[in-house]
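>>> sequence unknown, structure follows:
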């Protein structure tokens, strides 16, 4: 029998809007059909409708208040560090990030911790559309760095 895979989904907000619903549906569907193959967890920045649903299904979650929508270098660094510790300690085989902010921070933490498979799903772009060439360059470098 194959070893159970530990999977961490990283969401920014604990809401149940479209992005979170997609993750929750995926987790529940895969778990219900393969309970012996996958162990899911979710990380987000607080408690809310998403974490209540996770509790209903018996799915573990981690609260990382430093995950914030705005760019805040100190909080962002702390979020990467906390994600790194969680990923390393729990030996996640797969880290699946969602949205721009968690995609950037989560992919860095997952790569630093040696996660074998890192997946990022783009659900839309939260970076403002800009005509500023420098800003475009910074966003490009961030995406290249996090890949």
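Arrived safely, thanks for sending. For clarity, every value in this text was computed on a predicted model and none was experimentally measured.
>>> Which residue ranges of the protein form strands?
Ranges of strands in the chain, per DSSP state E, are 5-10, 38-44, 60-63, 94-98, 117-121.
>>> Please spell out which residues along the top helix by length along the chain are buried.
The residue-count maximum for a helix in the chain (DSSP state H) belongs to helix 73-90. By neighbour count, with 16 or more other C-beta atoms under 10 Å as the criterion, the buried positions of helix 73-90 are 75, 76, 78, 79, 80, 82, 83, 84, 86, 87. Where C-beta positions appear, they are placed from N, C-alpha and C, glycine not excepted.
>>> Assess the claim that the fifth one and residue 108 are in contact.
In this case it means residue 80. Yes. With contact taken as C-beta atoms under 8 Å, residue 80 and residue 108 are classed as touching, separated by 5.5 Å.
>>> Tell me the spacing between residue 77 and residue 41.
For residue 77, the distance to residue 41 equals 22 Å [C-beta to C-beta, to the nearest Å].
>>> Just name the shakiest helix or strand of this protein by mean pLDDT.
Confidence across the helices and strands of the chain bottoms out at helix 133-146, with a mean of 60, counting by mean pLDDT, DSSP states H and E.
>>> of all the strands of the chain, which lies closest to residue 16?
In terms of C-beta to C-beta, the element of the strands of the chain nearest to residue 16 is strand 38-44, at 11.3 Å.
>>> low-scoring stretches of the protein, by residue?
Counting by pLDDT under 70, the low-confidence segments of the chain come to 1, 123-147.
>>> Repeat the analysis, applying 50 as the threshold.
Along the chain, segments meeting pLDDT under 50 are nowhere present.
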